[in-house]
Every structure is written in C-alpha cells, then in structure tokens.
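>>> I'd like to go over a predicted model; first the sequence, then the structure.
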Amino acid sequence: MGEREPEPGTAGTAGGAVAGAPGTSTGVAAPRAGGPGGIRPGGVLKRERVRDAVLTMVEERGPGDAIPSERTLCAQLGVSRPTLRAAVDELVTAGILVREHGRGVFVAPEKITQELVQDRHSLSMPRAAGTWTSRLLEFTTMPAGARVGRKLRLSPAADIFYVARLRLVDGSPMAIEHLHIPAALVPGLTARELEHGDLYQHLRTHHGVHVSEATQSIEPTVVTRAEAEVLDVPELFPALLFERLTSDSTGRPVEYVHSLYRGDRYRIVSRLKLAADTVPTEPPDGHHPGIPPGDLAHGRPVAASTLGDVQG
C-alpha cells in the first residue's frame, strides 16, 4: 500500500474510483491531501486492486510455486513497477509470499491455522471499549473481481461497494478497514451511513438484511509506510490483520472485510470454560492457543467467548 500517484492513463475521481476502471463513483468528496496520511483520490483503491490480483494468483497456486515476474505482472495488471513492488513487498512482509534473491518470488509455506472456538454456539462478542467513529477514505462501486466474487458468491462482473475507512476510538486512529458489500443488497448506500451509526443495524432496518454469523481470522503483521501515516505509528509497527466474512440468516454472504489494527492499541481476550470436573480421558490431538498440549486432559470441547470488535 505504498503508492499514491495515479497510474499513467488513470486519474482518481471524487469518490475514490479510478477513471478508466470498471465501476462508477458514488460522488463522495475525496480526502484532501492534508487528510489522514495525505491519501490522494484513488490511492487506496489502486493498491487494493493490485493486492487482490496478486492474492488471486497466490490462491491459484500451492506453497513453493513461483508467481510471474515483475515485468509480466506489470503488463498483465497495467501498473508501474513501484506500484507492483509495493504490493508484493506488503505480501512478503505478511508472510504470504517469499522472495528469493536471484530466483524470484514464491508462494510462502502454508500457515498453521488454529480454530479458537470449537463450540460454535458458545461464541459471544461484546462491543469493544471506547467511543468508536469512522472517517471515510474511499467509497466507490466496482466489479467484484474473481477473488472477492468467490468469497461473496457473486459473479466477478457483479457490482460491489468498496469502502475504505479509518476507525477511531475516542478520536484516536485504531484501524484501517476495507469493506466489500454486494451493491444489490444495499441500493442507495451513502457515505453518511458508513460514517455514522451501525452498518449492521442499517442493513436490518433499511434493507431487511439480518446479519447472523461471521467467520473471522486474526494474524499478526506489520504496517506499511502508507498505513503507518494513516494510523500515526512508525513504519513496520506491529499490527493485527483481521479478515471477516459475514452472512445473513439465510446463509448468504453479505460482507467481506479485511482490517488492520494497531498492535499497541488492540488486544483479543478469550474466556475459556475448561470443564475441569469431568472424568479424565486421553488427551486430544492439538491444543488451544496459550494452553500447552496435555494441560486439558479431559478431552471435552473448550467453550470460549471472545472480546473483540465486530462493529459494523
């Protein structure tokens, strides 16, 4: 997310869309150069499009497979080398790609995934502390594309709302959030609705969409230079990367989000019900984060509740 200048032949529109790209601007006033991080119109969206394109290639390959050369990717995506290199550097830092000098860039080994909650019905998410507000960075409509389309079960050509917003707690920057919402679900969605009030409540009261379930992953990362400027932290500062897919009461995906939270300002607290009074059995395979294998020998599922931000 390091480039801010529009690519040759493109220009940022007032709503943050890139001229010449599919999709239409919603007409939201663009952030001024003196705004968070000095972000220029279209900058966040352009970086997001390049990142998604490279991630799509990663998902189509296996660990250890090479991705195309910089020259090839620049030609395929129609971007400059600095823009592509910034996106690749971000994915290398996140552990998704690995760079081998003299050989190229490869898909990184698979990460170890640990499910935090075994009993899906025991999960609860109270609101995080503090007064949460939002500041819009970009807001536009665009085609879902292959990667986001798969997550939302949409055609790649289907329109989505792409939203980048800065989340603040008591007026201080906390997170950068990227939202992808099927446009057909929320016709007439406005910038004000994304900056004020609860998005999930708006979906329920104005569009009859009842949010029911979300699958969310969390992993450590560090911030890029552009993200650091927006969040008011140093470059390569520790952060938490959240990825969430939200479904309604019918099981239909209604929102795909990935967010970057400041590592010094945010934490996850889990409450585990250990059921220690049960009859001991052989220890199960695997373990819960923070609990060494063998410490829970009763072999029953551990119920957990997690405190975190799932606000719309």
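Structure's in. What do you need? Numbers count the residues shown, from 1 in each chain.

>>> going forward, measure contacts between C-alpha atoms and count neighbours the same way
Will do.

>>> Arg267 in helix, strand or coil?
Following DSSP: H, G, I helix; E, B strand; the rest coil, Arg267 is assigned to coil.

>>> apologies, that question was intended for Thr141.
The three-state assignment at Thr141 reads strand, by three-state DSSP.

>>> how many residues are close by it?
The tally of other residues near Thr141 (other Cα atoms under 10 Å) stands at 23.

>>> pretty sure Val233 sits in a strand.
No - applying three-state DSSP, one finds Val233 to be coil, outside a strand.

>>> how close does it get to Leu91?
For Val233, the distance to Leu91 (Cα to Cα, to the nearest Å) stands at 20 Å.

>>> again with His180
Distance of His180 to Leu91, given as Cα to Cα: 20 Å.

>>> so for those two, which residue has more residues nearby?
Using other Cα under 10 Å as the criterion, His180 and Leu91 rank with His180 on top: 24 against 19.

>>> can you list the strands that the helix or strand where that one lies pairs with?
Using DSSP states H and E, the element containing His180 is strand 172-182. Sheet pairing here is set by DSSP bridges, and for strand 172-182 it gives strand 159-169 (antiparallel), strand 253-262 (antiparallel).

>>> how about stretch 151-171: buried residues?
For stretch 151-171, burial by neighbour count (16 or more other Cα atoms under 10 Å) applies to 151-154, 156, 158-169.

>>> quick one: mean pLDDT over the host helix or strand of Thr215.
Assigned by DSSP H and E, Thr215 falls within strand 211-222. Strand 211-222 comes out with an average pLDDT of 90.

>>> give the buried residues for that strand.
Neighbour counts using 16+ other Cα under 10 Å place 211, 213-214, 221-222 of strand 211-222 among the buried residues.

>>> for stretch 80-96, same thing?
Going by neighbour count (16+ other Cα under 10 Å), the buried part of stretch 80-96 is 80, 83-92, 94-96.

>>> out of those, which are inside helices?
Among the buried residues of stretch 80-96, the residues falling in helices (DSSP state H) are 83-92.

>>> go ahead and confirm Glu243 touches Val257.
Yes - look at Glu243 against Val257 with Cα atoms under 8 Å: they come within range, at 5.7 Å.

>>> helix or strand: which one has His206?
Here His206 is assigned to helix 199-207, by DSSP H and E.

>>> which elements pack onto that helix?
Secondary-structure packing of helix 199-207 (3 or more Cα pairs under 8 Å, 6 or more residues apart in numbering; DSSP states H and E): strand 211-222.

>>> residue contacts, His258?
Each residue near His258 by Cα atoms under 8 Å, 6 or more residues apart in numbering is listed here: 177-179, 241-244.
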